[in-house]
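Engineer: what's the 3D shape of this:
(chains A and B)
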Amino acid sequence: NAGVMQNPRHLVRRRGQEARLRCSPMKGHSHVYWYRQLPEEGLKFMVYLQKENIIDESGMPKERFSAEFPKEGPSILRIQQVVRGDSAAYFCASSPVTGGAGTEAFFGQGTRLTVV
Amino acid sequence: GESVGLHLPTLSVQEGDNSIINCAYSNSASDYFIWYKQESGKGPQFIIDIRSNMDKRQGQRVTVLLNKTVKHLSLQIAATQPGDSAVYFCAENWGNDMRFGAGTRLTVKP
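Structural biologist: Reported below is the predicted structural model:
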């Protein structure tokens, strides 16, 4: 049973380009969470999705950032017109039930985005 | 030694000593808590969890203590080893998702 798979592991984009980060949850998991981590800092919640639904996007910047989790395929975190301040590690986690029910979320290895 | 997990403080311990990492959580309605370990360049790994109806839970070499009165969580690592060197985060459930503290970097000196 493969863990949470994120790709790419490293992504370099020039300012103004688009970044697409992919997350395939663990088999049987239908809940996906995206977190952002700056160097030497904790993980900041961005968005929580279930299949075809955004449940909570309170941590997502209002502009340039979007996320989806289609019925088929991985969850995608999309950052349009990237700026240097978007450089960070982006982690995805998945769980079989909601965090509110109290269950462990499994994390991927992250995508390290560098904007040059 | 012990450290409060704000703004990624560092805790340095001697190999073989016990470590105590502290965390203050913010949501009094949280009923589930997890400690994660994050090694350099990797994603967080589950260590141990605890529900709010408990005040202590033990795993292999690790113990989590929960004090709901002061909204405080601690992770105790017995006989700390070099492989324990990492950043440790506490997480609390927050509605539908988990929210993380800032973390503490544990360094184990041989």
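Engineer: which bits of chain A sit near chain B?
Structural biologist: Within chain A, the positions lying close to chain B (CB under 8 Å from any CB of the partner chain) are A:4, A:33, A:35, A:40-45, A:48, A:55-56, A:91, A:93, A:98-100, A:102-110. Backbone N, C-alpha and C define where each C-beta goes, glycine included.
Engineer: mind checking which of the residues you listed are in strands?
Structural biologist: Within the residues of chain A next to chain B, residues falling in strands by DSSP state E are A:33, A:35, A:43-45, A:48, A:55-56, A:91, A:93, A:106-107.
Engineer: quick one: neighbours of A:Arg36, just the number.
Structural biologist: Number of residues near A:Arg36 (other CB atoms under 10 Å in any protein chain shown) recorded here: 22.
Engineer: same check on the one 4 residues further on?
Structural biologist: Other residues near A:Glu40 number 11, with proximity taken as other CB under 10 Å.
Engineer: and what of the one 3 residues further on?
Structural biologist: When neighbours are counted by other CB under 10 Å, A:Leu43 registers 29.
Engineer: isn't A:Gly16 right up against A:Gln80?
Structural biologist: No - assessed by CB atoms under 8 Å, A:Gly16 is found out of contact with A:Gln80, at 9.1 Å.
Engineer: mind listing what residue 84 touches?
Structural biologist: All of this refers to chain A. A:15, A:115 (CB atoms under 8 Å, 6 or more residues apart in numbering or on different chains).
Engineer: wait, I meant chain B there
Structural biologist: By CB under 8 Å, 6+ apart, the residues touching B:Asp84 are B:19, B:37, B:77, B:106, B:108.
Engineer: hmm, try it at 10 Å
Structural biologist: B:13, B:15, B:19, B:37, B:39, B:61-62, B:77, B:106-108 (CB atoms under 10 Å, 6 or more residues apart in numbering or on different chains).
Engineer: and the residues you listed, which is closest to A:Val115?
Structural biologist: For the contacts of B:Asp84, the closest approach to A:Val115 (CB to CB) belongs to B:Glu39, at 25.0 Å.
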